[in-house]
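A.B. asks: below are the sequence and a predicted model for it; my questions follow.
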There are 2 protein chains.
Amino acid sequence: MKIGVLGTGMVGQTLASKLAALGHEVVMGAREADNERARNWVAKTGGSARGGTFADAAEHGEVIVNCTLGAGSIEALQRAKAENLEGKVIVDVSNPLDFSKGMPPTLFVDNDDSLAERIQRAFPKARVVKALNTINANVMVDPGKLGDGEHATFLSGNDHEAKEIVRGILGSFGWKQIIDLGDITTARGPEMYLPLWIRMWGALGSADFNVKIVR
Amino acid sequence: MKIGVLGTGMVGQTLASKLAALGHEVVMGAREADNERARNWVAKTGGSARGGTFADAAEHGEVIVNCTLGAGSIEALQRAKAENLEGKVIVDVSNPLDFSKGMPPTLFVDNDDSLAERIQRAFPKARVVKALNTINANVMVDPGKLGDGEHATFLSGNDHEAKEIVRGILGSFGWKQIIDLGDITTARGPEMYLPLWIRMWGALGSADFNVKIVR
């Protein structure tokens, strides 16, 4: 599949590498066409991997993975250009974290709205699916490293087919407990989970954990 | 132990019954001294179980369990009287749910504050411990009913001894994965988890579930 990954940070690098390893044609998008981290990633990854602007990555991708910082996600997607997002699946991995008031971060949108909904409203012709925002990057792409590999990840989105495409990608990463929460408004749930995730991280002393739904 | 349970709803009834069954002397407190649900609970429970006002229950208890609706919790505790809460452990099971804007409910406090913190500020001489607010009532008192019985519950509070007392009570219920998140500000985590819990409830079709931390 042709996939555009927006963002060159830890999450973008980790997801882009996994997707490339699975045989997808990945373009890593950054604010500027010649981004050092994207260039290093391309050199390390080889094959069909390429770097470019946010717009280059979005134009290339059938699926676009938003791995930018939440505070900059709308602007990054604007730079990616609405026409490059039309009809595309946007996997929104970002979190609306506000670090401006010190640690731990708060959320800059919550309760009666979410970042995923803001993105869906800003790009109404894109098919936004919230996913993977509740887990550390290295666990996102290797769920088998924790426990017996059965623990939870969530999907929220208005488009059923888009969610099935994302479910397929998550399945290829090894995810077994993939919970479809419902439409894009349900993204408020996994986004508002972050404050608990951050405190669990503190209490457990490691970000290598996740939650498993037990029934 | 002498325990005052504030609230006569499902959560109060379930916790009061479990605590009485474990041999504690439980007084169920309500707004009025002669509350029908409290009366029925006393008749059903027998032994040392009694009913009374919020103040009666608080005066009786070494440990006070706040099972009132979040929107009424501060007022209920004011009725319980600050002098009856001094030095006492308040187990805050409530959630700051706002049902006034329709379903699903939103939170009336979150992000940079929590209901547990409001209670601690309103009653600075009480020792508030947030606990059990992330689970359905019947699971609170019988964690063994789900999976292999190993799944997570959280503690937040400023007083270490108070948290150890609550940890002991949870252990007597059968809880195995009891995570101390830290001081009372960490209660923002488990309170902000509620919007995800509510959507999981919808997706799973049952409130009989919980999350287990997998490492």
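C.D. replies: Noted; the coordinates are in hand. Residues are numbered from 1 along each chain as shown, chains lettered A, B, ... in the order given.

A.B. asks: please enumerate the strands of chain A.
C.D. replies: Using DSSP state E, the strands of chain A run over residues A:2-6, A:25-30, A:50-53, A:63-66, A:89-92, A:97-98, A:106-107, A:127-131, A:152-157, A:177-182, A:210-214.

A.B. asks: between the second one and strand A:2-6, how many degrees?
C.D. replies: I take that to be strand A:25-30. Angle, strand A:25-30 to strand A:2-6, by axes from the mean of the first three to the mean of the last three C-alpha atoms, to 10 degrees: 20 degrees.

A.B. asks: just to revisit the earlier point, between the strands of chain A, which gets nearest to B:Leu115?
C.D. replies: Taking C-beta to C-beta as the measure, the strands of chain A were each checked against B:Leu115, and strand A:106-107 came out nearest at 16.4 Å. For the C-beta atoms, the positions are set from N, CA and C on the backbone; glycine is no exception.

A.B. asks: please work out which residues outside that closest one touch it.
C.D. replies: Here strand A:106-107 makes contact (C-beta atoms under 8 Å, 6 or more residues apart in numbering or on different chains) with A:Asn95, A:Pro96, A:Leu97, A:Asp98, A:Glu191, A:Met192, A:Leu194, A:Pro195, B:Asn111, B:Asp112.

A.B. asks: what subset of the residues you listed is buried?
C.D. replies: A:Asn95, A:Pro96, A:Leu97, A:Glu191, A:Met192, A:Leu194, A:Pro195, B:Asn111 (16 or more other C-beta atoms under 10 Å in any protein chain shown).

A.B. asks: for those residues, which two are the farthest from each other?
C.D. replies: The largest distance within the buried ones among the contacts of strand A:106-107, taken as C-beta to C-beta, falls between A:Asn95 and B:Asn111 and amounts to 13.2 Å.

A.B. asks: quick one on the thing from earlier: distance to A:Gln120 and mean pLDDT added to the strands of chain A, as JSON lines?
C.D. replies: Listed next are these as JSON lines, based on distance: least, C-beta to C-beta, whole Å; pLDDT from 0 to 100:
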{"stretch": "strand A:2-6", "distance to A:Gln120": "16", "mean pLDDT": "98"}
{"stretch": "strand A:25-30", "distance to A:Gln120": "20", "mean pLDDT": "98"}
{"stretch": "strand A:50-53", "distance to A:Gln120": "23", "mean pLDDT": "98"}
{"stretch": "strand A:63-66", "distance to A:Gln120": "12", "mean pLDDT": "98"}
{"stretch": "strand A:89-92", "distance to A:Gln120": "8", "mean pLDDT": "98"}
{"stretch": "strand A:97-98", "distance to A:Gln120": "19", "mean pLDDT": "98"}
{"stretch": "strand A:106-107", "distance to A:Gln120": "17", "mean pLDDT": "98"}
{"stretch": "strand A:127-131", "distance to A:Gln120": "4", "mean pLDDT": "98"}
{"stretch": "strand A:152-157", "distance to A:Gln120": "8", "mean pLDDT": "98"}
{"stretch": "strand A:177-182", "distance to A:Gln120": "13", "mean pLDDT": "98"}
{"stretch": "strand A:210-214", "distance to A:Gln120": "25", "mean pLDDT": "98"}
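
A.B. asks: possible to save these as TSV with distance to A:Gln78?
C.D. replies: Formatted as TSV, the strands of chain A follow (distance: least, C-beta to C-beta, whole Å):
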stretch	distance to A:Gln78
strand A:2-6	11
strand A:25-30	13
strand A:50-53	12
strand A:63-66	12
strand A:89-92	13
strand A:97-98	20
strand A:106-107	21
strand A:127-131	14
strand A:152-157	20
strand A:177-182	27
strand A:210-214	32
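
A.B. asks: and those strands: which comes nearest B:Ala30?
C.D. replies: Distances from B:Ala30 to each of the strands of chain A were compared using C-beta to C-beta; the minimum, 33.6 Å, belongs to strand A:210-214.

A.B. asks: cool, thanks, signing off.
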